Structures are given as C-alpha cells and as structure tokens.
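Q: I would like the atomic coordinates for the input below:
(one chain, ligands or ions: 1)
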Amino acid sequence: MIDKKHITGIILSGGKSSRMGTDKGFLLYDGKPFVQHSIEALKPLVSTIIIVSNNEDYDVFGYNRIEDIIKNAGPLAGIYSGLKHSLTDYNLVLSCDIPLVKTDLLKKLIDAIDGESEVIQIESQGKNMPLIALYKKPCEAVFLKLLNEGERRLQFAVNQCKVKNVVLNNEDSCFTKNINTPEQLNDILK
Ligand SMILES: Nc1nc2c(ncn2[C@@H]2O[C@H](COP(=O)(O)OP(=O)(O)OP(=O)(O)O)[C@@H](O)[C@H]2O)c(=O)[nH]1
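A: This next block holds a predicted model:
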C-alpha cells in the first residue's frame, strides 16, 4: 500500500445543510460530531488533514482549515480548494455527513491505485460516491477550468477525469450511509 506520507485527507464541511437545517458536521453520532468520524477514518491513512469550510467553529478540531476559494459553488469547488492546498499527489476526499465511515473502507480506495486512474470512487448499491473517493492532484486544473465555465456538477466533473469505481458488497454498503435530513439522522440513532 502507498505510504501515508504521500496522501492528504480532505474533508468537505461547507455547504448550506439546508435539508438538515443545521451544520451537519457538528451533529452527534456515537457521542462524537459527524466530522470527527470522518477525521478518525482518515487519520491512519494520511499525513495531513485539511478541512474545507468557511465556518471557523471547525478550528476546534485542531486541523488545518481552509476557506473555499470559489464560494457557494458546492462540493466540486470544495474539492478544488482542498486539492489546491494539498502538497501530495494522492488525496482522500470525504464529506462530513457519513458518520458510519471506516478506515477499512478507505483502504480499498488506496489498494485500487493503479498509476492510471485520476479518480477512484466508491460505488455503493449501484450509486457512485465521489465524496468517498481518492483524487490525484492534477484533477485540480480540470476542476478549475470547469468551475470557471460555470459547471457545478461534481459527478460530471469527475467523469472528465480517468475514473475507476471500487464496488462495495452489500455488507460494506451500510458504512457509506449519507445523512442529509432529520429523518435519516433519526434512523441511525434508533
Ligand atoms: N467546502 C465546501 N463543502 C461543501 C459545499 N457544498 C457542500 N459541501 C459539502 O459537501 C458534502 C455534501 O454536501 P450536500 O449534502 O450535497 O450539500 P449541503 O449544502 O451540505 O446540504 P443541502 O443544502 O441539504 O444540499 C457535505 O460534506 C458538505 O459539507 C461548498 O460549497 N463548500
């Protein structure tokens, strides 16, 4: 497996959280803020963690927080900002709203590195998950060009790169659960 000193963890904690009504990264699951679950899943695999958010409350976690270079442009712009600040060729990108995520799942992305793919994303129950994915640094230039053209769709941008999917079995799919609404939060707290 590639050495962790060559991998940066990038956590996206921006956006509006309009469906949840409150910043998702600070919601509690298993006694810890959601964003802490993303941090802990990444920690064993990366040399540094960057949190991309304009909310300075995230400074409490003690990691390098950077602001979006292009504001209010969604996760594609968040990833672009993270990649621009990254000093490594490989970058593990996670959203802050997947509190069941585990290190072993992310290891599968690293194991899939092949020297050719520019993006390696999880596919869970037939769904691409570009917010649980590994991005190579040169995607930064591709994404900036698209953002400057007004593009906002993350999956569209990913598809402009050489992309490979890591397909999860049904057992592992539960770890990718994305929590966007109060109902989805209640489901995992039951
Ligand atoms: N840095 C950054 N992260 C973002 C931005 N928009 C969304 N995200 C993050 O991307 C992930 C997926 O976000 P979404 O659920 O699609 O959007 P959201 O704005 O958080 O929530 P909704 O308003 O309910 O769609 C989450 O981790 C968000 O924190 C953004 O503009 N900048």
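
Q: show me what contacts G82?
A: Contacts for G82 were tallied using CB atoms under 8 Å, 6 or more residues apart in numbering; they are T8, I10, L12, I50, V52, I66, N91, V93. For the C-beta atoms, the positions are set from N, CA and C on the backbone; glycine is no exception.

Q: Would you agree the third one is in contact with C96?
A: Pointing back at L12 there. Yes. Contact criterion CB atoms under 8 Å: L12 and C96 qualify, at 6.3 Å.

Q: Mind telling me what element A157 is part of?
A: A157 is located in helix 154-158, with elements delineated by DSSP states H and E.

Q: which strands and helices sit next to that helix?
A: helix 74-85, strand 127-136, helix 139-148 (3 or more CB pairs under 8 Å, 6 or more residues apart in numbering; DSSP states H and E).

Q: does the ligand sit close to the last one?
A: No. Figure legend: helix 139-148 not in contact with the ligand (CB under 6 Å from any ligand atom); closest approach 11.0 Å.

Q: Show me what secondary structure element comes after the lowest-mean-pLDDT helix or strand in the chain.
A: Using mean pLDDT, DSSP states H and E, helix 170-173 stands out as the lowest-scoring helix or strand of the chain, at a mean of 94. Sequence order places helix 182-189 as the next helix or strand after helix 170-173, per DSSP H and E.

Q: Show me which residues of that following helix are buried.
A: L185 (16 or more other CB atoms under 10 Å).

Q: going forward, begin numbering at 10 instead of 1
A: Okay, using 10 as the starting number, the last item reads as helix 191-198.

Q: anything in that helix near the ligand?
A: No. Helix 191-198 does not reach the ligand (CB under 6 Å from any ligand atom); its nearest approach is 10.8 Å.

Q: how about the CA coordinates for that helix, as CSV?
A: Extracted C-alpha coordinates of helix 191-198, given in CSV (Å, rounded to 0.1, in the frame of the first residue of the first chain):
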residue,chain,number,x,y,z
PRO,A,191,-33.5,14.9,10.3
GLU,A,192,-35.4,11.6,9.3
GLN,A,193,-32.1,10.0,8.2
LEU,A,194,-30.5,11.1,11.4
ASN,A,195,-33.3,9.6,13.5
ASP,A,196,-32.8,6.3,11.5
ILE,A,197,-29.2,5.9,12.6
LEU,A,198,-29.8,7.0,16.2
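
Q: Give me the secondary structure label for I59.
A: Using DSSP: H, G, I helix; E, B strand; the rest coil, the structure places I59 in strand.

Q: Who is it paired with across the strands?
A: Applying DSSP bridges to I59 gives these bridge partners: I19, N73.

Q: tell me which residues in stretch 49-69 are buried?
A: Buried residues in stretch 49-69 (16+ other CB under 10 Å): A50, L51, L54, V55, T57, I58, I59, I60, V61, S62, Y67.
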